[in-house]
Structure formats: structure tokens, C-alpha cells
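J.: Generate coordinates for the sequence data below:
(one chain, ligands or ions: 1)
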Amino acid sequence: MAGGEMKKKLWIIANWKSNMTIQKALDWISQVGPKIEKAEKLEVVVCPTFSSLSEVKKEILVGNFPIKVGVQDLSPYPEGAYTGEEAASLVKDFAEIAILGHSERRENFSETDEMVQEKVNKAIEAGITPLVCVQSTETPIPEKAQLLAYEPVFAIGTGTPDTPANAEKVAAMLKEKHNPDVEVLYGGSVNSENAKAFLEQNNISGLLIGKASLEAQEFVKIIQACLD
Ligand code: PGA
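T.: Next up, the predicted model:
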């Protein structure tokens, strides 16, 4: 891997979206957990729904598995009278990372760049690392964001990923635009066949995986492909 020595740990992040019952989530942890004990160069993160967050966290602690837990969204507001919202200070005991600004939230829930910035602020105040999804080099990058995921909309859930070469170009441009130290992940139709090609790019520091992360065996295969 040219220049790979310069990279920190590679992020492999499972975004379960609105999927997985508690039982399925626990089965997944029990299948994936024991397989990644030797994955020292990887930082594996699972982002379940809020309803299974606490059970997933408990299962990981009991198994002593090297898996971090994240959430898929956060409230832009503090604790208080905000029905239905999950304040950063309430989830910080479970989650170390928060996926913010995903295109599905921007599109289906009218999330604006200003809201994403506010969510990033709340995450940082609570000690949660924000993982900000950007759809292109045109997407405004929130101040203080240190972890980005380049996720072109055409590639999400379509089976048609971007090319590793283009993802590398975009990652380099994002660093130039924002901060050379920002880490950039790629997401969009990643699977066990294509994962390694993205990670071999100098400016790509990990993967954000939706559909292919739901199946424990496929996720384990992705991890193995990244370790080869
Ligand atoms: P996908 O989703 O892997 O199913 O394309 C990725 C994402 O939306 O984070």
C-alpha cells in the first residue's frame, strides 16, 4: 500500500440504518465480535438504531470485543423539551461516534447544512466524534470536523460504487479544501469484493458500509479483505 504506512488505523464503520431488531443485532455481534480480535490495524464501529444501542453496547462489553459503537444521528438541541430527539449528552455513554449529515437525512428529513453544523457542535461538546457525510466537494464542511465520509448519492444502496480513483481524487480535494489532517472515508455500495481497492488509496482512511454491513458473514469478509 503506497503511503499506507502514514495512515492511522483504518475505520470500518457499519451503518445499519433503520434495520436490525435487537435479536438480529445481538446475533451479529456474537458472530462478528470473535472474528475481529486480531484486527489491530482496524477501528471497527457499529452504528445501530437508538432502540438497540444499549443492548449492543452491553453485548460488546460482555464479550470484550474491539468494536466501538456509534449512532446514526444526534439532536441539534441540548437536553430538554424536544420530543423525539436524542441529545448528544444522553447518548454519550453508549456512543463514541455519530454519523451526521447523511444524504438520507438531508433528503428525507430536510436536514440543512446549518443543522449539521449544530449537530457537530453538540457531538464535540459531549465528547462524541462526528463523522460528517459529504456528498461531493461542494458540500460545506462543518467547522471542527475531523472525520468525513465521501458518499456520492448515486452510489448509496445502488450497487454502483464510485471508482476508487475518483474517490481518492475527491478525498484529496476535501483535505485541500478543509484541512490536510482530516480523515476521509468512502461510502456507497462497498462490499467484500471492492473494499480493499478503496482502502489502498492514499487519502482514504476507511469505509462507511450500509447494506453489506447487515449480514454478519459479509461484514467479516470485508474485514478480512481489509487485513489481507
Ligand atoms: P450502502 O450505504 O453501503 O448501502 O451503499 C452506505 C451509506 O449510506 O452509508
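J.: For Phe50, give its distance to Leu90.
T.: From Phe50 across to Leu90, the span is 10 Å (C-beta to C-beta, to the nearest Å). (Glycine included, C-beta is placed from N, CA and C.)
J.: likewise Leu227?
T.: For Leu227, the distance to Leu90 - C-beta to C-beta - is 35 Å.
J.: got the residue ranges for the helices in this structure?
T.: 22-32, 53-63, 88-91, 103-108, 113-126, 164-177, 195-199, 216-227 (DSSP state H).
J.: show me what contacts the residue in the chain positioned nearest to the ligand?
T.: In the chain, the residue that lies nearest the ligand is Gly210 (2.4 Å; C-beta to the nearest ligand atom). Neighbouring residues of Gly210 by C-beta atoms under 8 Å, 6 or more residues apart in numbering: 15-17, 156-157, 187.
J.: So which of these is the closest to Ala165?
T.: Lowest distance from Ala165 to the contacts of Gly210 (C-beta to C-beta) belongs to Gly187, with 16.5 Å.
J.: Test my guess that the closest one contacts Leu208.
T.: Yes - using C-beta atoms under 8 Å, Gly187 is in contact with Leu208, at 3.2 Å.
J.: Stretch 209-222 spans what distance, first to last residue?
T.: Stretch 209-222 has its terminal residues 10 Å apart, counting by C-alpha to C-alpha, to the nearest Å.
J.: actually stretch 31-46, sorry about that
T.: Taking C-alpha to C-alpha, stretch 31-46 runs 13 Å from one end to the other.
J.: Would you mark the buried spots in it?
T.: By neighbour count with 16 or more other C-beta atoms under 10 Å, stretch 31-46 contains the buried residues 32-33, 35-36, 39, 42-46.
J.: Now tell me what touches that stretch from outside.
T.: Under C-beta under 8 Å, 6+ apart, the answer for stretch 31-46 is 9-14, 16, 28-29, 56, 59-60, 63, 65-70, 96-97, 206, 213, 216-217, 219-220, 223-224, 226-227.
J.: let's see it at 6 Å
T.: Identification of contacts with stretch 31-46 by C-beta atoms under 6 Å, 6 or more residues apart in numbering yields 9-14, 63, 65, 67-68, 70, 97, 216, 219-220, 223.
J.: Of these, grab the buried ones for PyMOL.
T.: Filtering the contacts of stretch 31-46 down to the buried ones (16+ other C-beta under 10 Å) takes a single PyMOL command:
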select buried, resi 10+11+12+13+14+65+67+68+70+97+216+219+220+223
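J.: where's the dip in pLDDT among the buried residues of stretch 31-46?
T.: Across the buried residues of stretch 31-46, the bottom pLDDT score, 68, is held by Ala39.
J.: Get me the contact residues on the protein for the ligand.
T.: 15, 151, 156-157, 187-190, 208-212 (C-beta under 6 Å from any ligand atom).
J.: Which pair in those residues has the greatest spatial separation?
T.: Greatest spacing in those, by C-beta to C-beta: Glu151 and Ala212 (13.9 Å).
J.: Of these two, give the one with the bigger neighbour count.
T.: For Glu151 versus Ala212, neighbours defined as other C-beta atoms under 10 Å are more numerous around Glu151 (27 against 19).
J.: Would you confirm that the more buried one contacts Val134?
T.: No - look at Glu151 against Val134 with C-beta atoms under 6 Å: they stay out of range, at 7.3 Å.
J.: how close does the residue lying closest to Thr129 once chain neighbours are set aside sit to Leu174?
T.: Leaving aside its sequence neighbours, Thr129 sits nearest to Ile97 (C-beta to C-beta, 6 or more residues apart in numbering; 4.9 Å). According to C-beta to C-beta, Ile97 and Leu174 sit 18 Å apart.
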